[in-house]
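Novice: test case, fold it:
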Amino acid sequence: MATGWPYFDPEYENLSIRINPPRVSVDNSSCSDCTLVQVDSVNKPGILLEVVQILTDLDLTITKAYIASDGGWFMDVFHVTDQQGNKITDNKTIDYIEKALGPNGHKKGGPKTTWPGQKVGVHCVGDYTAIELIGRDRPGLLSEISAVLTSLHINVVAAEMWTHNGRVACVVYVNDDTTSRPVDDPTRLAAMEEQLKNILRACEDDEKAASTSFSFGVTHIDRRLHQMLFADRDYEGGGLAVEGDYPPSFRPKITIERCVEKGYSVVSVKCNDRPKLMFDIVCTLTDMQYVVFHANISSDGPHASQEYYIRHVDGCTLDTEGEMERVIKCLEAAIRRRVSEGLSLELCAKDRVGLLSEVTRVLRENGLSVTRAGVTTVGEQAMNVFYVRDASGNPVDVKTIEGLRKEIGHRMMVNVKKVLPISAKVQQPEARGGSWAKTSFFFGSLLEKFLA
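Specialist: The predicted structure is shown next:
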């Protein structure tokens, strides 16, 4: 069966939306324990990802969802709560959902000036310059990157870093440390790019680093990190990660079956639930050029069950074992990229040039390896979250943490939390210090709000 997406003329799509604008309903009366968000809209490629992205960027938990998008219409219902498991009652949040998912949402930005490189991509985003790096992970890499930027009088305003299967992907937003303007001088950019490439080359002994691609437009930062690691083929294995990095309790169970009578491939995912799980799966399917026509999403305590009825954009189903195996590997990688166990260090301090370089240097000198990081600036405050482990992969020693507190605790607020296996917690535990609870898992959305 070949019933894929037809050609979408942009002007026709805009006309269709004007004639049949999206209808958005935020309902707090139909369900006793959650808020129902219903969206009815003209169908178009990528619309499911857009909707899920908006909800997850608001740090909302999707406990159930029903998706139907056969034909020319897209209809979906999401059961959502806030991170405390409560209904969405804040009027500003409700108003934002209605506007963002309504007819005036999803405005597209213009193209960006881009300087592509083999392993380092650079482009301007508003008042910041975005740098993309991908390569082999190793202890101290983030420290070396931030030290180079500081030496070049470049200030890190925000950053997000993921590691998976021995590979690292990082997006860093920077500006000039004197003018606070984007770094756009070609000579300066070339020098920065060359020094960053030298750092990445220092840990390369294979040819894999050449398989990198860069975005030339505005891309959601979490989606961009998924795209970078996908292009780097981190799902193929062969990296430095060991099975112990991902305990058996979190190993997703992914199956693909054929629904011959309807002409779909049915992707079933069962795993431990966590924030942004649906986003990561839909994002990966979309970037692999698969269209979701129907979906059923549910969570039962710490467990999640998600079922997607898909076809490739050319209308074909997954007919070969090779295709199915590739989709399963890619989805498993997408689910695991955001998983971090061990310790999280949450740091808050008055922002200053060189702060990230100083913090990451201290982490490196104390023998800590960063597996995931989120860095941003809100007003005059720098807010950083680092997921760390011992450089040899062992649990972090208590004495190491106490030494870290003594070294930097007098200059910044330090909060240390043990990140429990997701299977061991039904709900995210509250952290000391109140607002810190959200930053551990939702730094990506905070970064998006900062860049808005």
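Novice: what about the protein, any weak spots by pLDDT?
Specialist: 1-20, 105-126, 202-219, 238-250, 420-452 (pLDDT under 70).
Novice: would you list every one of the helices in the protein?
Specialist: Listed in chain order, the helices of the chain (DSSP state H) span 10-19, 47-57, 91-100, 141-151, 186-201, 221-231, 277-287, 321-336, 355-365, 398-408, 436-439, 443-451.
Novice: isn't K276 right up against R223?
Specialist: No. Using Cβ atoms under 8 Å, K276 is not in contact with R223; the gap is 11.1 Å. Using the backbone N, CA and C atoms, a C-beta is placed for each residue, glycine as well.
Novice: ok, back up a step: I'd like the helices of the chain as TSV, with distance to D314 and mean neighbour count appended.
Specialist: Below are those laid out as TSV (distance: least, Cβ to Cβ, whole Å; neighbours: other Cβ atoms under 10 Å):
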stretch	distance to D314	mean neighbour count
helix 10-19	20	11
helix 47-57	18	22
helix 91-100	31	14
helix 141-151	39	21
helix 186-201	36	16
helix 221-231	19	22
helix 277-287	15	23
helix 321-336	12	18
helix 355-365	44	21
helix 398-408	53	14
helix 436-439	41	19
helix 443-451	31	19
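Novice: quick one: which of those is nearest R372?
Specialist: Of all those, helix 443-451 sits nearest to R372, with 8.9 Å by Cβ to Cβ.
Novice: next, show the common contact partners of K276 and R223.
Specialist: Residues touching both K276 and R223 (Cβ atoms under 8 Å, 6 or more residues apart in numbering): there are none.
Novice: how about R337, what does it touch?
Specialist: W162, H164, L225, H226, L229, D234, D280.
Novice: dihedrals phi and psi, it?
Specialist: For R337, the backbone dihedrals are phi -60, psi -30 (criterion: degrees, to the nearest 10).
Novice: if I look at it, how far off is L225?
Specialist: Going from R337 to L225 by Cβ to Cβ, to the nearest Å gives 7 Å.
Novice: a markdown table for the helices of the chain, including distance to C271?
Specialist: Formatted as a markdown table, those follow (distance: least, Cβ to Cβ, whole Å):
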| stretch | distance to C271 |
| --- | --- |
| helix 10-19 | 35 |
| helix 47-57 | 17 |
| helix 91-100 | 27 |
| helix 141-151 | 28 |
| helix 186-201 | 32 |
| helix 221-231 | 17 |
| helix 277-287 | 8 |
| helix 321-336 | 6 |
| helix 355-365 | 30 |
| helix 398-408 | 30 |
| helix 436-439 | 22 |
| helix 443-451 | 20 |
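Novice: right, and these - which one's nearest Y128?
Specialist: For Y128, the closest of the helices of the chain is helix 443-451, at 7.5 Å, according to Cβ to Cβ.
Novice: between R337 and L225, which contacts overlap?
Specialist: Residues touching both R337 and L225 by Cβ under 8 Å, 6+ apart: W162.
Novice: how close does the residue nearest to Y96 when sequence neighbours are not counted sit to L133?
Specialist: Leaving aside its sequence neighbours, Y96 sits nearest to L58 (Cβ to Cβ, 6 or more residues apart in numbering; 7.1 Å). The gap separating L58 from L133 is 28 Å, by Cβ to Cβ.
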